[in-house]
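Peer 1: Structure, please.
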Amino acid sequence: MKKLLFSAFLLSLLAQGSMGADEGRCLEILTQNHHEDSRSFSLSTDNIIERRDFRNDHLAQSILTIRMVLEEAGCHKKDINFSKGPWGRSTSICKVLIPGKAYSEVCYVESSLGYFLVTNDFQNKTHIIFNRWD
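Peer 2: Numbering: from 1, shown residues only. Sure thing, here's the model as predicted:
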């Protein structure tokens, strides 16, 4: 019985280590092998709406956009956690910065790898800025 418990313990440690390795690989991709602390990306909003239309749920749309950019860069869905930040549960929010001007909306999205700022322009582009945690 002790051997079985010890084996289960070792397997769980190995599984945790491999999950961290995937997260580390994705962080390497986002920071260009740790040479950059932040990085920007752009994506056509047409691609986002084709995948799923969130209507007015801008935070969910921002997370999908980030996932699409990460997927294109070579990261996998399991490589990032949007509910976990560096100090526990993540805090994410979308705000219109200038009242009455919907185009001034910015979404701040925390993740296990860093935080993202997501904005849209007047054309059909969504802009994402990634900043790693210190």
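Peer 1: so who does the nearest residue to residue 124 once chain neighbours are set aside touch?
Peer 2: In space, and not counting its chain neighbours, residue 124 is closest to residue 45: 4.8 Å by CB to CB, 6 or more residues apart in numbering. (Each C-beta comes from the backbone N, C-alpha and C, glycine too.) Counting by CB atoms under 8 Å, 6 or more residues apart in numbering, residue 45 makes contact with 120, 124, 125, 126.
Peer 1: and of those, the nearest to residue 72?
Peer 2: Among the contacts of residue 45, residue 126 lies closest to residue 72 (CB to CB), at 12.7 Å.
Peer 1: Mind listing the residues bridging to the residue nearest to residue 92 when sequence neighbours are not counted?
Peer 2: In this structure, residue 92 finds its nearest non-sequential neighbour in residue 109, 4.5 Å apart by CB to CB, 6+ apart. Taking DSSP bridges, one obtains residue 116 as the residues bridged to residue 109.
Peer 1: Hmm, residue 63 and residue 109 touching each other?
Peer 2: Yes: Residue 109 lies in contact with residue 63 (CB atoms under 8 Å); the separation is 6.2 Å.
Peer 1: got any residues that touch both of the two?
Peer 2: Listed contacts common to residue 109 and residue 63 are 82, 92; contacts here mean CB under 8 Å, 6+ apart.
Peer 1: host element of residue 67?
Peer 2: helix 58-73 (DSSP states H and E).
Peer 1: I'd like the distance between residue 29 and residue 77.
Peer 2: Applying CB to CB, to the nearest Å, the value for residue 29 to residue 77 is 14 Å.
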